[in-house]
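Asks: Any chance you could fold what I've pasted below:
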Amino acid sequence: KPQGPLLSSLIRLSLLLVSYLEPCSLRFLHATGRLRTFTRWLLTLTKESSVAMGGFATPFSESTGALDRLALIVTLHAHKALEKCARMLSVFETSPDLFQSPSDSKKTSRRVLKASHELKEVIGLLYTSNSELLRSSLHPGAYALLQEAITPPVVEPGAKPLSPEITLRTFLNSKWVRRFHDVDVKGEGKDKEILPEMISAGQVWDSKPVGEVGKKAVVDLMSETAQIIQAYDSALEPPWSEYLDNQRQWADTVKVRALEAEGDDVMGALNREFEEERVKVKEELRIRGDKARQDYKAVMGVLDAQWSVWGEGVSEQKWKLSQQTDQLHRRILLEANNEFDNHEDASYSDGLERDREKAERDRAERKEKQEEMVRRAALKAGGESMEEVE
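Replies: Take a look at the predicted model:
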């Protein structure tokens, strides 16, 4: 009795991981290894209970019923996990481009094979140690296929024995692993039952009715699971409610409100200090920017001056002697000549050229006017259109 609840919790947690983890993950491999260990422990407890009852106990009896139900549910979950491993292994080996390198593909496939080996060992332990349980709780067709799959193939005398990997792949490709994965839904509403296809639930096989040992075991297991959930909720609800009540009372105290007010004051002071510092930094940046622009303008004024070697490309400034004199009455200062005239229009040759061009333009205009007058006169005299005259 002390070991039963602990073992039940360990097996349930392992089955939860086996059901939801991917077969190619390392955690799945670890979960299958733990499940194998717990299954061996489960069978040991079942044997001890049978010995205590006189050496033999029928499946799902009062003394071993809880342990037998765990063994049945381990068989069902291992069967489902083996089918997942077989499908994933087939995908990996037919699609090597799913991996970055052949070594990754080989490593992942080997991990799936190892997990499949652990699950096969679980089924082998249950079959060899408690075959009567499986025979009475499974569908006769499923049990027959399980016998066929779990029994090692016969090797002829003198022939080379099959390797463990070939034996495992043969088991994964067996009909028992590939079939019996559907569920049968019976009843409606609260009486609705979802039963695995592989258990015995009153089906007809070989023109004979099958018992309902497996169905009763699964229904009892669901009832037991519901009781566990209810007990868990009942055990968790009072301390959780007490914790929430303590938190609510602590939050309503005057000290907490005082701490909240003090925190608001501190946050307000920090915000004001931050805003003042931000304004100060912004003003310093503005002053530095103005000073940098002034310095840049002064430097560029020197570089772009007419006498500077970097002054190329700057508009040419003309200078003239200033009318002001120094103390010695010398006109040696220069000032900008903004009205400089190079007297280009005073050139004689340029003037003749301009006059010649103007005379040619005038002659061209007069000739064009005369041709226009002739066309209009011809149009008026002959009554023809302007286009025909042209």
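Asks: all strands of the stretch 101-250 of the chain, in order?
Replies: All strands of the stretch 101-250 of the chain, identified by DSSP state E, counting those that start in this stretch, fall at 183-186, 193-196, 204-205, 208-209.
Asks: List the neighbouring strands of the last one plus their orientation.
Replies: Pointing back at strand 208-209 there. strand 204-205 (antiparallel) (DSSP bridges).
Asks: just the second one next, same as before
Replies: Pairing partners of strand 193-196, with direction, according to DSSP bridges: strand 183-186 (antiparallel).
Asks: picking that back up, closest to Arg110 out of the strands of the stretch 101-250 of the chain?
Replies: Ranking the strands of the stretch 101-250 of the chain by proximity to Arg110 (C-beta to C-beta) places strand 193-196 first, at 30.3 Å. Quick note: C-beta positions are derived from backbone N, CA and C, even for glycine.
Asks: Give me the mean pLDDT for that closest one.
Replies: Regarding strand 193-196, the rounded mean pLDDT is 84.
Asks: roughly how far is it from the heart of the chain?
Replies: Computed by C-alpha atoms, centre = their mean, to the nearest Å, the chain-centroid distance of strand 193-196 equals 35 Å.
Asks: again, but for stretch 82-101
Replies: How far stretch 82-101 lies from its chain's middle: 22 Å, per C-alpha atoms, centre = their mean.
Asks: Same question for that stretch: list its buried residues.
Replies: Going by neighbour count (16 or more other C-beta atoms under 10 Å), the buried part of stretch 82-101 is Leu82, Glu83, Lys84, Cys85, Ala86, Met88, Leu89, Phe92.
Asks: Quick one: mean pLDDT over that stretch.
Replies: On average, stretch 82-101 scores 89.
Asks: List of residues touching that stretch?
Replies: Under the contact criterion C-beta atoms under 8 Å, 6 or more residues apart in numbering, stretch 82-101 has outside partners 22-24, 102, 105, 108-109, 112-113, 115-116, 119-120, 123, 172-173, 177-178, 181.
Asks: And the contacts of stretch 193-202?
Replies: For stretch 193-202, the external contacting residues (C-beta under 8 Å, 6+ apart) are 72, 76, 79, 136-140, 142, 180-187, 209-215, 217-219.
Asks: What is the neighbour count of the closest residue in space to Leu321 that isn't next to it in sequence?
Replies: In space, Leu321 comes closest to Arg331 once its chain neighbours are excluded; the distance is 4.9 Å by C-beta to C-beta, 6 or more residues apart in numbering. Number of residues near Arg331 (other C-beta atoms under 10 Å) recorded here: 11.
Asks: Now Arg331: which helix or strand?
Replies: Assigned by DSSP states H and E, Arg331 belongs to no helix or strand.
Asks: now it: how far from Asn338?
Replies: 19 Å (C-beta to C-beta, to the nearest Å).
Asks: before we move on, the earlier item: between the buried residues of stretch 82-101, which is closest to Ser322?
Replies: Phe92 (97.2 Å).
Asks: Checking that closest one next. Helix, strand or coil?
Replies: helix (DSSP: H, G, I helix; E, B strand; the rest coil).
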